[in-house]
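[1] generate coordinates for the sequence data below:
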Amino acid sequence: MGLLIASDMRSDLSELRPVFKVWADGVELLGWPQLRPGSAPPEYRVRMLGYMMDGYRPVADGAPVAMFVLMPEAGHLFHPAHRVPEEMVEVWLTEGTSVAYKDRDMVWVEGLLHRSEGRSMWAMTDAFVARADERAIAQWFAPR
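    Got it, this is the predicted structure:
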């Protein structure tokens with residue numbers, strides 16, 4: 001059983017800080033520690049790395065979605081990720097667009113971050129998504 005869990009584990013992003021604050025295109029790179037309670041959301045576009053999780057209902061892999069939840073940890077086969085409101089970002093894609101849902105997939109998300117009135121503390125609107133991989137962690141982030 002331990003081998004199954006180890007093969008299914010993904011990196012925890014919750015304590016990583018960006019090595020670079022701003023990308024070459026001027027968008028701020030935001031780390032999960034910057035979303036701690038008491039922090040004020042920026043009033044401009046940000047880019048975050050996280051795991052794609054279903055919103056508030058199950059979604060089949062491959063189904064088109066216009067909204068999903070971004071989280072700093074993906075959990076594993078026998079233990080789902082903790083849904084802590086302070087560590088959840090509702091991602092709402094640009095109107096009229098969708099992305100193929102892939103449970104627990106690592107993704108880059110860019111959009112307008114603000115406080116949410118929903119089940120999560122944060123929401124990102126007018127967002128777009130790009131797939132990412134483990135190399136992005138070492139390239140763009142460092143431990144706290």
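[2] tell me the span between the first and last residue of stretch 133-144.
    End-to-end distance for stretch 133-144: 20 Å, by CA to CA, to the nearest Å.
[3] what about that stretch, distance to the chain center?
    14 Å (CA atoms, centre = their mean, to the nearest Å).
[4] list the buried ones in that stretch?
    Within stretch 133-144, the residues that count as buried by 16 or more other CB atoms under 10 Å are 136-137, 140-141. Glycine gets a C-beta too; all of them are placed from N, C-alpha and C.
[5] what does stretch 80-93 give?
    Buried residues in stretch 80-93, defined by neighbour count with 16+ other CB under 10 Å: 81, 87-93.
[6] give me the lowest-pLDDT entry from the residues you listed.
    The member of the buried residues of stretch 80-93 with the lowest pLDDT is A81, and it reads 72.
[7] I'd say that residue and V69 touch.
    No. Between A81 and V69 there is no contact under CB atoms under 8 Å: 9.5 Å.
[8] shared neighbours of those two, which are they?
    M53 (CB atoms under 8 Å, 6 or more residues apart in numbering).
[9] so which of the buried residues of stretch 133-144 belong to helices?
    136-137, 140 (DSSP state H).
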